[in-house]
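**Q** Please find the sequence and the predicted model below.
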Amino acid sequence: HTAATFDLSVWEFWSALVCGGRVVVADADGHGDPAYLNDLVDAHDVSVLHAVPSQVHALIAVRDRAFRPALRAVLAIGETLPRALAKQLGGGPALFNLYGPTEATVSVTMHDVAPSTSEVVPIGLPVWNTDVHVLDRRLNRVPDGVVGELYLGGGQLARGYLGRPDLTAERFVAHRFGAPGERIYRTGDLVRWQRGELEFVGRSDTQVKLRGFRIELGEVEAALAGLAGVDQSVAIVHDDERLGPQLLGYVVAHHGVELDPVTVRAAVAPLLPNYMVPAAV
């Protein structure tokens with residue numbers, strides 16, 4: 001159900017096929033319709049569902065029946081997995097919390113949620129062919145329980161950014177614990193080792209992840225602030241109990257100017273990718 005232009009679709013297409021499985025392909029516009037996806041899962045006896053947590057939440061919210069026994073696993077990735085959502089799936093399919101950025105070919109750590117009693121759902125342990133390192137600002141390893149930045153290495157790591165040597169040098173740094181010439185990727189994610197697994201703590205910058213997409217809140221704020229009549233702007237992600245996480249924009253008008261929130265949102269929409277347009281202003 002993920003658009004083929006998004007990196008996560010590679011995982012969805014090939015993980016089943018290389019294991020002798022079958023892939024059920026949703027209609028082009030079906031990924032945004034929880035009722036349609038629920039019917040699709042039931043009609044085809046889907047056994048493994050891969051989705052961002054907010055989408056899992058939407059499926060449960062509109063579902064008036066339990067998942068069929070055929071659904072044995074839900075793989076959540078792309079956003080922080082709330083403990084409340086994990087409890088909602090209790091007694092149903094197994095739930096796995098996955099973590100990974102595009103630069104590491106998506107999923108690089110995994111946690112089996114079912115046995116966990118922690119209030120914070122861990123992102124788990126590295127999968128095969130992956131190295132993880134929790135380091136401080138001087139690239140030294142930090143002790144268990146201490147927050148540090150997550151660095152990734154392994155055979156699946158990208159070589160860099162096409163046509164961006166500056167950004168490549170900033171993010172793909174020398175691996176001081178690896179072989180000569182080996183690189184590790186600086187994720188910008190803050191984590192810590194707790195009870196033998198990794199816990200996600202937050203970001204070292206203002207970047208957020210919403211439905212699998214990376215969003216620099218500063219870019220949204222700059223677009224809003226550049227509109228006529230806008231004096232100040234702020235963008236946040238608000239977790240709504242009914243709708244899940246939503247990107248919201250706040251604006252302050254210049255003195256003597258009246259701003260209409262609907263008009264402001266319409267004005268900023270052409271300036272940003274669709275996934276960066278605030279759901280409301």
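**A** Arrived safely. Numbering: from 1, shown residues only.
**Q** any low-confidence regions in this structure?
**A** 115-118 (pLDDT under 70).
**Q** Would you mark the buried spots in stretch 83-102?
**A** Buried residues in stretch 83-102, counted by 16 or more other CB atoms under 10 Å: 85-86, 89, 93, 95-101. Every C-beta, even on glycine, is put in place using the N, C-alpha and C of the backbone.
**Q** I should have written stretch 134-147 there, sorry.
**A** Residues of stretch 134-147 classed as buried: 134-135, 139, 142 (neighbour count, 16+ other CB under 10 Å).
**Q** Just the ones in strands from those, please.
**A** Among the buried residues of stretch 134-147, DSSP state E puts 134-135 in strands.
**Q** any chance you could map the strands in the stretch 1-150 of the chain?
**A** Listed in chain order, the strands of the stretch 1-150 of the chain (DSSP state E, counting those that start in this stretch) span 48-51, 73-76, 94-99, 109-112, 125-126, 130-135, 148-154.
**Q** what sits up against the first one?
**A** It refers to strand 48-51. 1-2, 8, 11-12, 15-16, 21, 41, 56, 59, 71-77, 93 (CB atoms under 8 Å, 6 or more residues apart in numbering).
**Q** Redo the strands of the stretch 1-150 of the chain as CSV? Include distance to Ile236.
**A** Formatted as CSV, these follow (distance: least, CB to CB, whole Å):
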stretch, distance to Ile236
strand 48-51, 24
strand 73-76, 23
strand 94-99, 22
strand 109-112, 27
strand 125-126, 31
strand 130-135, 27
strand 148-154, 23
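**Q** ok, of the buried residues of stretch 134-147, which one's closest to Phe172?
**A** Nearest to Phe172 among these: Leu139, at 13.3 Å, using CB to CB.
**Q** how near is the residue lying closest to the closest one once chain neighbours are set aside to Val147?
**A** Leaving out its chain neighbours, the residue that sits closest to Leu139 by CB to CB, 6 or more residues apart in numbering is Arg176, at 5.6 Å. Separation of Arg176 from Val147 (CB to CB, to the nearest Å): 20 Å.
**Q** about what we covered before: let's have the buried residues of stretch 134-147 in TSV, adding distance to Ser107.
**A** Output for those, formatted as TSV (distance: CB to CB, whole Å):
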residue	distance to Ser107
Val134	18
Leu135	21
Leu139	25
Val142	24
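**Q** Confirm for me that Leu8 is in contact with Glu79.
**A** No. In this structure, Leu8 is not within contact of Glu79 by CB atoms under 8 Å, at 12.0 Å.
**Q** any shared contact partners between those two?
**A** Contact criterion CB under 8 Å, 6+ apart; residues shared by Leu8 and Glu79: Gly212.
**Q** before we move on, back to that, dump the buried residues of stretch 83-102 to a markdown table, plus distance to Asp112.
**A** Shown next, in a markdown table, are the buried residues of stretch 83-102 (distance: CB to CB, whole Å):
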| residue | distance to Asp112 |
| --- | --- |
| Leu85 | 15 |
| Ala86 | 11 |
| Leu89 | 13 |
| Pro93 | 12 |
| Leu95 | 8 |
| Phe96 | 6 |
| Asn97 | 8 |
| Leu98 | 11 |
| Tyr99 | 13 |
| Gly100 | 16 |
| Pro101 | 21 |
